[in-house]
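> could you work out the structure for the sequence below:
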Amino acid sequence: MADSRTPAPDKSGAASPAPAVTRAAAVLDALAASATGRLTLSDLSREVGIPKSSTSNLLLALEEARLITRHGSEFTLGRKLVELGAAYLGRMDEVQEFYRYCEQASVLSRETVRIAMLDGTNVIYLARYEGHPAVRLTSNIGDKMPVSLCAVGKALIARLNWHDIDEMFPDTAELPVMTPKSLRTGAELKAQLKEIREQGFAFEDEESTTGVVCLAVSVPTRGAHGPSLGLSVTALKATYTQEQGSQMVKELKELAHSLGNPMG
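Okay, here's the model as predicted:
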């Protein structure tokens, strides 16, 4: 552990073509990862690995840009980030079509539906349609979730080639655990991925939240550089039926086709 009086070695920016930008990003990442959402100058100096004087100048520039906000001796993420995030999502045709479809769908309009993007071994939730007010204990927009813990994550990595999957998740790899039903090893995950490929959708059975199940499908990628997107729908296990699940998957696949093939 780094000494509380001195910063750790510079963990960002040293090999970057624009070190100040890289360190600024590291500050935002540290604030986003903080359990309380608040960090002091000393905290951030240690996180970024540069002296307090340099960190102070960095924080001043971020504050002037409204990317962070000062609260006494602590700092939080700034509202400008919300504006930037909204602008990013507002320009994603897939997100707009997602909401339009969910509003008119006979089944999904009454459920909690989400669209997510693959980010390494995590997914990031981009949008959420809430047609079922009882299911609100699931991930929020902008949240990250390990792929092994959620149906949409498993649906997305199931379409990768096996070589990449093996590199990401060796058989003995220990996976994050959130409930007694969470997958524990890379071998368990890959066994599920085979089933997902065969049936064309992923099913999560109380693996991230007790009492909640989830179904998901991947979206065909638009072009060579399109984002890896997936769709999921959440339901309470106590009232979930296989017939309901079949109807949900049918509409998820229709929406996925619409998002991946906008011309029909």
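> against residue 123, how distant is residue 228?
Taking CB to CB, to the nearest Å as the criterion, residue 228 is separated from residue 123 by 9 Å. The C-beta positions use only the backbone N, C-alpha and C, and glycine is treated the same way.
> identify the contacts common to the two.
Between them, residue 228 and residue 123 share these contacting residues under CB atoms under 8 Å, 6 or more residues apart in numbering: 117, 156.
> with neighbour numbers in mind, choose between the two.
Set residue 228 next to residue 123 and count neighbours by other CB atoms under 10 Å: residue 123 wins out with 32 against 16.
> shouldn't residue 163 be within a helix?
Yes - according to DSSP: H, G, I helix; E, B strand; the rest coil, residue 163 belongs to a helix.
> pLDDT wise, what is it at?
As predicted, residue 163 sits at a pLDDT of 93.
> and the closest residue to residue 203 other than its chain neighbours, helix, strand or coil?
Nearest residue to residue 203 in three dimensions, chain neighbours excluded: residue 215, at 5.6 Å (CB to CB, 6 or more residues apart in numbering). Secondary structure for residue 215, judged by three-state DSSP, is strand.
> bridging residues for residue 215?
Beta-bridge pairing of residue 215 under DSSP bridges involves residue 203, residue 233.
> tell me the contacts of it?
Counting by CB under 8 Å, 6+ apart, residue 215 touches 151, 201-204, 232-233, 235, 245, 248-249, 252.
> can I get the worst-scoring helix or strand of the chain on mean pLDDT in PDB? Just the C-alpha atoms.
Confidence across the helices and strands of the chain bottoms out at helix 80-90, with a mean of 74, counting by mean pLDDT, DSSP states H and E. Taking only C-alpha atoms (Å, rounded to 0.1, in the frame of the first residue of the first chain), the coordinates of helix 80-90 have been written out as PDB:
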ATOM      1  CA  LYS A  80     -21.200  18.400 -17.200                       C
ATOM      2  CA  LEU A  81     -20.600  14.600 -17.400                       C
ATOM      3  CA  VAL A  82     -24.400  14.000 -17.400                       C
ATOM      4  CA  GLU A  83     -24.800  16.400 -20.300                       C
ATOM      5  CA  LEU A  84     -22.000  14.700 -22.200                       C
ATOM      6  CA  GLY A  85     -23.400  11.300 -21.500                       C
ATOM      7  CA  ALA A  86     -26.900  12.400 -22.600                       C
ATOM      8  CA  ALA A  87     -25.400  13.800 -25.800                       C
ATOM      9  CA  TYR A  88     -23.600  10.500 -26.500                       C
ATOM     10  CA  LEU A  89     -26.800   8.500 -25.900                       C
ATOM     11  CA  GLY A  90     -28.900  10.900 -27.800                       C
END
